[in-house]
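> Here is a sequence with its predicted model. Questions after.
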Amino acid sequence: MYGRPQPNGGKIPRHAGGFINALQMTNFADTVLSLFSSLRIGKALPSGVQVLNPYRDPTVMEICQSFYHRFHNDDKKRRILLGINPGRFGGGVTGISFTDPVILSEQCGIPNNLGKRTELSADFIYRVISAYGGPGKFYEHFYITAVSPLGFTLNGKNLNYYDIRELQEAITPFAVKSMERLLKAPVDRSKCYCIGEGQNFKFLSSLNQQHHWFEEVIPLAHPRFVMQYRRKQLDDYIDDYLTKLRLP
C-alpha cells in the first residue's frame with residue numbers, strides 16, 4: 001500500500017556560506033533523491049502518531065526519479081516553497097509535495113498506479129503552476145517541499161507537526177537536518193516561501209532566525225484554507241501567489 005503510515009519510526013543577514021556551501025551538490029534532482037532515500041526522524045513520537053514515509057516504497061522512488069529527472073535535472077538555482085508536512089492523499093502517497101496521483105499523471109506526464117484520489121491543496125497549487133506557465137516553466141525556477149518532509153497521521157487522519165507540541169519538539173532536529181541537506185543543492189537563498197501564514201510561518205521563521213538559511217521568509221496562504229473557506233476569492237489568491245513568486 002503506497003504511502004502507508006509507518007509507526008514512530010522576515011529578513012535576516014545574508015548567510016556567509018561555510019560548511020553547507022562547501023559540500024554543495026550541483027545537480028538538484030540528485031540532491032533531492034539522495035535526501036528522500038535516507039529520511040529518518042530518529043526520535044520517539046507521541047503515542048498514536050504514525051509517520052507517512054512513501055520513500056520506503058521502491059515504486060514511489062521510481063516515480064520520484066522520473067519526476068525530478070524530468071523537472072529538476074540540472075544545476076540551476078531554485079527558490080524553495082515550504083509546506084507543513086505531506087498529507088495522506090498527496091505528497092504522502094506520491095512522494096512529491098502538493099502532487100496527487102491524478103495530477104502526477106495528467107499534468108506532469110508521469111503515469112502511475114497510486115490510485116485516483118485527489119487532494120484540494122494539490123488542486124490549488126497546480127492552478128498556480130498552470131497560471132505561471134505550466135510544470136516545466138514553474139519547476140525550472142522553484143522546488144516545493146515541506147518543513148517536515150515526512151507526514152503524520154493520528155487515528156487515520158492527517159496531522160500537522162505543530163498540532164501536538166511534543167510532536168513539534170520531536171521533529172525539530174529532523175526538520176533542521178533535512179533543510180541543511182537540501183541546501184547542498186543549488187538553492188536561491190535570497191527568499192523562501194512559507195505555505196501557511198500561521199503556525200508554519202511562525203515555526204519556520206524561528207528556525208530561520210537561528211540557522212540563517214534564507215535572507216527572507218515570505219508567507220503564502222495555505223491552499224486548503226483557500227479551497228475550503230475562500231473559494232470565491234480563488235483567483236485573488238492565485239494572483240497573490242504569482243505576485244509574490246515573480247522573479248526579478
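That came in fine, so what should we check first?

> quick one: contacts for the nearest residue in space to residue 122 that is not next to it in sequence?
In space, and not counting its chain neighbours, residue 122 is closest to residue 100: 4.3 Å by CB to CB, 6 or more residues apart in numbering. C-beta here means a position set from N, CA and C on the backbone, and glycine is covered the same way. Neighbouring residues of residue 100 by CB atoms under 8 Å, 6 or more residues apart in numbering: 89-90, 93-94, 117-119, 122.

> Now do residue 100 against residue 143, distance only.
Distance of residue 100 to residue 143, given as CB to CB, to the nearest Å: 18 Å.

> quick one: low-confidence ranges for this protein?
Using pLDDT under 70 as the threshold, the predicted model of the chain has low-confidence ranges 1-25, 248.

> Tell me where it has strands.
Using DSSP state E, the strands of the chain run over residues 5-7, 49-52, 78-83, 142-146, 151-154, 157-159, 187-195, 217-220.

> now those strands in CSV, with mean neighbour count?
Listed next are the strands of the chain as CSV, based on neighbours: other CB atoms under 10 Å:
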stretch, mean neighbour count
strand 5-7, 14
strand 49-52, 22
strand 78-83, 22
strand 142-146, 22
strand 151-154, 23
strand 157-159, 17
strand 187-195, 20
strand 217-220, 19
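
> Mind putting the ones you listed into a markdown table with distance to residue 233?
As requested, the strands of the chain are arranged in a markdown table below (distance: least, CB to CB, whole Å):
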| stretch | distance to residue 233 |
| --- | --- |
| strand 5-7 | 34 |
| strand 49-52 | 30 |
| strand 78-83 | 20 |
| strand 142-146 | 22 |
| strand 151-154 | 28 |
| strand 157-159 | 24 |
| strand 187-195 | 17 |
| strand 217-220 | 14 |
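
> my read: residue 94 touches residue 104, true?
Yes. At 5.3 Å, residue 94 counts as touching residue 104 under the criterion of CB atoms under 8 Å.

> where do the contact lists of those two overlap?
Counting by CB under 8 Å, 6+ apart, the contacts common to residue 94 and residue 104 are 63, 112, 114.

> circling back to that earlier point, quick one, which of the contacts of residue 100 are buried?
Neighbour counting by 16 or more other CB atoms under 10 Å classes 89-90, 93-94, 119, 122 among the contacts of residue 100 as buried.

> out of these, who's nearest residue 28?
Set against residue 28, the nearest of the buried ones among the contacts of residue 100 by CB to CB is residue 94 (18.2 Å).

> Residue 108: neighbouring residues, count only.
A count of neighbours around residue 108, defined by other CB atoms under 10 Å, yields 23.

> For it, give me its contacts.
Counted by CB under 8 Å, 6+ apart, residue 108 has contacts 67, 70-71, 99, 135.

> any idea how far residue 125 is from it?
In this structure, residue 108 and residue 125 are 12 Å apart, going by CB to CB.

> How about residue 50?
Relative to residue 125, residue 50 is positioned 25 Å away (CB to CB).

> And for residue 236?
16 Å.

> Which one's more surrounded, the two?
residue 125 (25 against 11).

> For the closest residue to the more buried one other than its chain neighbours, grab the count of nearby residues.
With CB to CB, 6+ apart as the measure, residue 98 is the residue that lies nearest to residue 125, at 4.1 Å, once sequence neighbours are left out. When neighbours are counted by other CB under 10 Å, residue 98 registers 26.

> Now residue 98, what are its backbone angles?
phi 50, psi 30 (degrees, to the nearest 10).

> That one is in contact with residue 90, isn't it?
Yes. Under the criterion of CB under 8 Å, residue 98 is in contact with residue 90, at a separation of 5.9 Å.
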